[in-house]
Structure formats: structure tokens, C-alpha cells
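Engineer: next come a sequence and a model predicted from it.
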Amino acid sequence: MSISEEKIILHVLVVGFHHKKGCQVEYSFPPLIEGSSPDSNECPSGWKYLPTLALPDGSHNFQEDTVYFHLPSLTDRMKTVYGISCFRQIPVEKLKNQTADVTRNSVQKSVCVLSTVPLYGHVQVKMSLITHAYFEEGDFSKVSLLEDTYHHLNACLSQIEDLANAPQLFVGLSARELILKFRHKALLLFKLLLLERKCVFYCSPVKPLCSTILTLLSLYPSMIETGLVKSTSIRPSRPLSPIPTYADTPDDEEEFEPGPSVDTPTSTEPNAKYSNVDLAEEATTLAQHDSVDSTHTAPPRSSQSQDSIETDNSDRFTIKETPTEDFVPSFADDGRSSTGGSACLSRDVSMDTIANVVSNLEAHIGTVAAMDSALCGLPLKIFDSGYLCLPYVSLPYMELLTDPNVRGYVVGATNVLFKQKKNIAEVLIEVDTGKIETNNLDLKKCLYLSTEDLRFADYIVCHVVDERHDVFLDDVGWEGGDEWIRTQFRIYLMSLLRTSLLPEGSRELDHFNSAFLSVWKDTYNYKTWRCSNHEEIYQLNPGHVFSGQLSVTDMKLRLTHTMQNTEGGRKLNQAMVNTTKALGTTSKAVGGAIAQAKGAVTTWWTSLTAVQANGGFEESDETEENPGQSCETGTNETEGEGGRDSGETPVQDENSPAVPSLPPSRMETQHPLPPTGENFAKVEHV
């Protein structure tokens, strides 16, 4: 074992982009390969694609950013190395020492740290400053700063007591931002990871992508602290570059042995679907999920109901339900008492329910805070036995993800090919939009949120979005803060574990969605938990913390959730928006037409009254002021008419506009009415 492996920080290295060779390691301290030069570009075989992780896909589109990634340990198959890389690019004009390999207008490099402890945000804050200082120097050949960084980080981190459980592990992992981004769907993602499926998170730039994944993991008790140790442990079916070769482990040795009584669901076929569980038979109807009547049994869903589930890959993750098949029957069932009484929605009892829930939560917080996570069987062994956690993966890792020995994974990607390849993502989560997609209908049923789940999610969302006006308490208050959110999910998970120990058919199972529990009980992490020491979990009472009588508020919550998170609701919302726009456009058009018609009528009426006042002839103001001139004009017109009648052609001024000739019939009808009254006198006088 080398000296560097005994320290918290294993290596500090620089990764650059070469115009011919691509991404490559330019400097490492200590050297990545023991005995080689720090300037060597060679990487260990198990870390062959390390440069592609330190400089992620699409990094050239951003001035600076940070990426978190995981690597398998080179010496221990059961350990993970945590990478934090800060990359930046500057114009070549700012370089004081331009080397021969600089052939472009800008230079991009990353300063990377490999650590044995998942100190993501804590190290990132320091490395961001180091990266800026390294670039401001303008001479990348001066590496003394990197050596000092290696020694300084190890000295500082070694002084932290109980580093494995220190609060520094959660720096930069904002649970508030996760809730604000996904809102009620954060609980859906929380339950999704328990089912060990192939989940791909997609986003660009890369830091929000990695932070979202790691923040979601921080909601599981002790997951960040000790639950990611085996997140890269896998024995591939054939030698692959991203995985080191371990000489100390015989090929025929069984790699993962969780316990003598655990039947691990490891599949030897790609895209394993847990064939030992028929999800279609185990899943209950959506209406039954919300039922609290222990004697009530919902009929199987008809084929028409099955057709209402959206299967388009572009749709939302949740199930497309019609109002009559979704919340109305389930609410009616929820309103029944344990003795089989009918539902009563005559008054809103939401305030009573909230008061009971708050008092129940306060009691649970005190109980859970005093419980030891290890004696409750936590953290759950989700990332174990071939289930991977890779906050960021580059394109070369696609071969590893399709290996038959990989049961599933939670990965982050910025390359669009991970979205387009169908056998990669069983569930696709787009971080930018908060959209969750899947084609697995059985999985949609399992992740259906019950009424109690919606209450829990809404309780958290309301506390998080509530504006706090005290500037001294922002981001440090208890309710709605990061630690408060993690405590709520800790209570939820422990209540879920305690309730799962109840016999089949218990009504409390429906509070968490009995279809979800049926599938979850067949996963590796749950079976491992059942055989572990979890005696303290019995200190909790089984059941959902937010269980209670149904209220009108629950119906509103279900309706809102359905409208916001189902394809049918999305289409209805879009139709309402389009209708509103159309009505606005129509009202403007109709108003304009009415105004135009009104103006036309006004003009017509004005001209009509003016003509009638003049006895059928329009007369200008000049005529009234100069009657003599009018007489001369009239005489000339008469002579002109006579000239035209005699066949003479009138002379037209060159500067005057051309007057089109009219046919005789039109000329005769210019003044159809004979001159009468005052007009006749004027003509006679002329």
C-alpha cells in the first residue's frame, strides 16, 4: 500500500484537452502510477476513462463548472473513490507561457481531487479557489500550488473528528432546492430508488445534475456517510476498461454474499425485470391503494382502465388517470371507518387531521432522534451486489451499463445518447424540467402516491415554499431547512420499514401503496435489511405518520396532483391555456370589427346627412365664400359638356391627374336627379 492511500486525499491532478489526443492527464501528485513521473499522461487500467470524467461532455459550452464522479478503488473491490473536479477555460491571450500544444483560441483544464471520503461540497469550495488561482497564474507549468493543496487538504481533513459522520459531508447538498425543483415528485424519486431500477438523470450543465443525485441520496439515513462504499463494486461478465482487475480475488469466488438467508435477485440477463415477481398480479388497483378499510377488496382493473395508463415515452412518469377512476373512488373508500361505515364528507375535517398529524410528528421526531441508525439496519444496502451509483458517466461507460451483471444503477449524464438508447434508461429523469419518464406500466402502479403520501409530500412542500422574511434566519431555520427535510424523510423511511413487517392484508400497508411494498420486499436491499439487526425499529408504531380521516382538502390535493403530473391533466391544462388565449384573441378581433363597423356607419350617416342638407349635391366651403367663382366654374363645365357632346376632345393639363373616361351610360347618370328648388334657381341664373 502506498503512502497516498493512507490519506484522505489520494491525488491532486490536472486534466487538459489536447486537440489531437482529447482529454488526458497532464499532471498528478502523487503520480497515478507509483514510480512514474508526475507529468506522465498514463492512467491505471482501471481508471482509463478518468480524464473523460474530469472534463465532462459539453464542458466547452461553459466557462467553469464542477463535476462529481465515482471510481472503483484500485486495491479493494469493495471500496469507492470519490472525485471532485473543477474545470475552467480562459482565452489564450491571458496565458503568460503558451506551449506548443496550445492551438485554439481558449484553453480548458480541470483541477481534480480523488478522495476516500465523500466530501463533495466541502472539497469543492476549496478547489474552486485553487482552480481560479491556478488559472490566474497564467503559467500551467507552475505546479507547486497543486502540491501545497494536496498537503493542506490532508492536514485540514485529518483534524475533523468523526469525519464519517461530520456535517461537512452535506455541504452543497441542498434538500430545499430538490424539493423546490421536484415538489411532490421528490417522494416519488425517493421510493423509486428503493426499487433498484435503471435510472438515468439527464441535465446540462453538470453540477446541478450531480448535486441533484447526491442530494436525493442524502435523504436516506446514513447513505452519504457509509452507504456509497460499494457503489462501484461490480464483477463484469467480461473484462472492461472502467473496472480494475483485482489479483487478490479468484475468478471462481462468490463476490457478494449478503447473508445466509437472503436470496439475492441478481440477474444474469440484461435488463432484468425481477422475473420471480409477477408485478401485474401483485399490484392492486389504484383505488385500493388509498383504502383504509381492512375488509374492503377492490375488483381487478378492467382492460379499459389499463388502457387509460399513458405509455408514450414523452409523457409524465405518473399514471394517466381519469377523475372517475382516480381519486373519486379512492376517496370514497378512504372515508370509511375501520368498522365499515360509509364515507362522510359533510364538513372539512382537514384542520383536525393537521393537528393530529403535527402532534404525531412531534412524537415521532423525538423517538427517531433517540434511535441508533445502525440498530435499525440503516443505511439500506441499495448500492451493493451490482447496483451502481455514478453521479456522472461519460460515453465510454455505456458498455459497462449494458453488462448482464449490472442489476441496475443511478447515473447522471450530459450526453443525449443516454436518452436516445432505449435499453439504458428504464426511468429517465430530466433535472431541468423535473420530468420523469418510463414505459414500464407496472412500475407506474408501484409508484402511485397514496393519499397519505400526498399529505406527507404536501406538508414538506408547504414548509419549504413558505417565504421567510427574517434575513437572519434564512437558510438556517429549522422548519423547512435542509436538516428538517432530511429528518422528515428519515421518519418516513423508518415508518415504512416498521409497517412492512406487518402481516399481509393489514390495512396499514395500503397507506404506503401495497403494490409498492410487494415489489420492494423482493429487492436486494430489503431482503438484506430483513436479515440484519434492526431490533430498535420495533420502538415505532406501524402505519403512516399522515394517516387519518379523509377530508375535502385531500380531494383538492389529489385533483391538483393529477392535473399537474399526469398526461391527461397536462393536456387539459394546455387546452385551458389555449382556450384562454383564443378567447382573448377573439374578443380583440370582435371588438375591432365592431369598432370598424361603428366607424363605417358613422361615416355613412355623416355623408348621408351632408348630402341631404345640400339637396343632393356636395358643396365645398369655397363655393359658399366665392359664389362668383362657382358660377364661372359652372359655366366652364357647361361649355365642357357641350364640347364633349359635339365630339371635341377636352384639353387636359400635363400636370393634372389622368381622368378615366366613362361610358356614355355612366356619363348620363352622373346627376340622375333634376335640379329643383334653390339649385334650379342657381342654374337658371347662370
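Structural biologist: In hand now; what should we look at?

Engineer: tell me where the stretch 451-600 of the chain has helices.
Structural biologist: Under the criterion DSSP state H, counting those that start in this stretch, the stretch 451-600 of the chain contains helices at 451-465, 482-500, 514-520, 524-531, 552-565, 567-613.

Engineer: which of the residues in the first one are buried?
Structural biologist: Right, the one you point to is helix 451-465. Residues of helix 451-465 classed as buried by neighbour count (16 or more other CB atoms under 10 Å): 451-461, 463-464. The C-beta positions use only the backbone N, C-alpha and C, and glycine is treated the same way.

Engineer: average pLDDT for that helix?
Structural biologist: Regarding helix 451-465, the rounded mean pLDDT is 94.

Engineer: burial measure for residue 433, as a count.
Structural biologist: 10 (other CB atoms under 10 Å).

Engineer: I meant residue 536, not that one.
Structural biologist: 18.

Engineer: ok now do it, which residues does it touch?
Structural biologist: Applying CB atoms under 8 Å, 6 or more residues apart in numbering to residue 536 gives the contacts 371-372, 375-376.

Engineer: per-domain residue ranges of the protein.
Structural biologist: Taking automatic domain parsing as the reference, the chain has its domains at 4-172, 282-373+380-466+476-500+537-565.

Engineer: flag whichever of the ones you listed has the least confidence on average.
Structural biologist: Note on those: lowest mean pLDDT is at domain 282-373+380-466+476-500+537-565, with a mean of 73.

Engineer: could you flag which of the contacts of residue 536 are buried?
Structural biologist: 371, 376.

Engineer: now distance to residue 229 too, for the domains of the chain, in a markdown table please.
Structural biologist: Putting these into a markdown table (distance: least, CB to CB, whole Å) gives the following:
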| stretch | distance to residue 229 |
| --- | --- |
| domain 4-172 | 6 |
| domain 282-373+380-466+476-500+537-565 | 8 |
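
Engineer: I'd like the mean pLDDT over stretch 503-522, please.
Structural biologist: In this model, stretch 503-522 has a mean pLDDT of 96.

Engineer: ranges for the helices of the stretch 101-250 of the chain?
Structural biologist: For the stretch 101-250 of the chain, the helices defined by DSSP H, counting those that start in this stretch cover 120-136, 144-158, 175-182, 185-194, 206-218, 223-226.

Engineer: orientation of the fifth one relative to helix 185-194 in degrees?
Structural biologist: This means helix 206-218. Helix 206-218 and helix 185-194 meet at an angle of 70 degrees, taking axes from the mean of the first three to the mean of the last three CA atoms, to 10 degrees as the criterion.

Engineer: 793 is where my numbering starts, stick with that
Structural biologist: Okay, using 793 as the starting number, the last item reads as helix 998-1010.

Engineer: packing partners of helix 998-1010?
Structural biologist: Judged by 3 or more CB pairs under 8 Å, 6 or more residues apart in numbering; DSSP states H and E, helix 998-1010 is in contact with strand 856-864, helix 967-974, helix 977-986, strand 990-994, helix 1015-1018, strand 1200-1205.

Engineer: where along the stretch 1093-1242 of the chain do the strands fall?
Structural biologist: 1179-1182, 1200-1205, 1219-1222, 1227-1230 (DSSP state E, counting those that start in this stretch).

Engineer: would you tell me which strand is longest in this protein?
Structural biologist: Longest strand in the chain, counting residues (DSSP state E): strand 872-883.

Engineer: who does that one pair up with?
Structural biologist: As defined by DSSP bridges, the strand partners of strand 872-883 come to strand 856-864 (antiparallel), strand 898-907 (antiparallel).

Engineer: nearest to residue 1272, of these?
Structural biologist: strand 856-864 (25.7 Å; CB to CB).

Engineer: can you redo the contacts of residue 1328 as TSV with distance to residue 856?
Structural biologist: Output for these, formatted as TSV (distance: CB to CB, whole Å):
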residue	distance to residue 856
1163	43
1164	42
1167	44
1168	42
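
Engineer: quick check, nearest of the contacts of residue 1328 to residue 848?
Structural biologist: Comparing those against residue 848 with CB to CB places residue 1168 closest, at 37.0 Å.

Engineer: buried set for stretch 1185-1195?
Structural biologist: Buried residues in stretch 1185-1195, counted by 16+ other CB under 10 Å: 1185-1186, 1189-1190, 1192-1193, 1195.

Engineer: same question, stretch 1223-1234
Structural biologist: The neighbour-count check on stretch 1223-1234 (16+ other CB under 10 Å) flags 1223, 1226-1234 as buried.

Engineer: if I look at residue 998, how far off is residue 1205?
Structural biologist: Applying CB to CB, to the nearest Å, the value for residue 998 to residue 1205 is 9 Å.

Engineer: swap in residue 1249?
Structural biologist: Using CB to CB, one gets 27 Å for the distance from residue 1249 to residue 1205.

Engineer: check residue 1295 too.
Structural biologist: Residue 1295 is 42 Å from residue 1205, by CB to CB.

Engineer: between those two, which one's more packed in?
Structural biologist: Higher neighbour count among residue 1295 and residue 1205: residue 1205, with 28 against 6, using other CB under 10 Å.

Engineer: which residues sit in contact with the more buried one?
Structural biologist: Here residue 1205 is in contact with 992-994, 1001, 1184-1185, 1211 (CB under 8 Å, 6+ apart).

Engineer: going by neighbour count, which of those comes out on top?
Structural biologist: residue 1185 (28 neighbours).

Engineer: residues touching the closest residue to that residue other than its chain neighbours, list them.
Structural biologist: Computed as CB to CB, 6 or more residues apart in numbering, the closest residue to residue 1185 that is not its neighbour in sequence is residue 1203, at 4.8 Å. Each residue near residue 1203 by CB under 8 Å, 6+ apart is listed here: 991-993, 1180-1185, 1189, 1193, 1210.

Engineer: redo that, cut-off 7 Å
Structural biologist: Counting by CB atoms under 7 Å, 6 or more residues apart in numbering, residue 1203 makes contact with 992, 1182, 1185, 1193.

Engineer: the second one - nearest residue in space that isn't next to it in sequence?
Structural biologist: Leaving aside its sequence neighbours, residue 1182 sits nearest to residue 1203 (CB to CB, 6+ apart; 4.5 Å).
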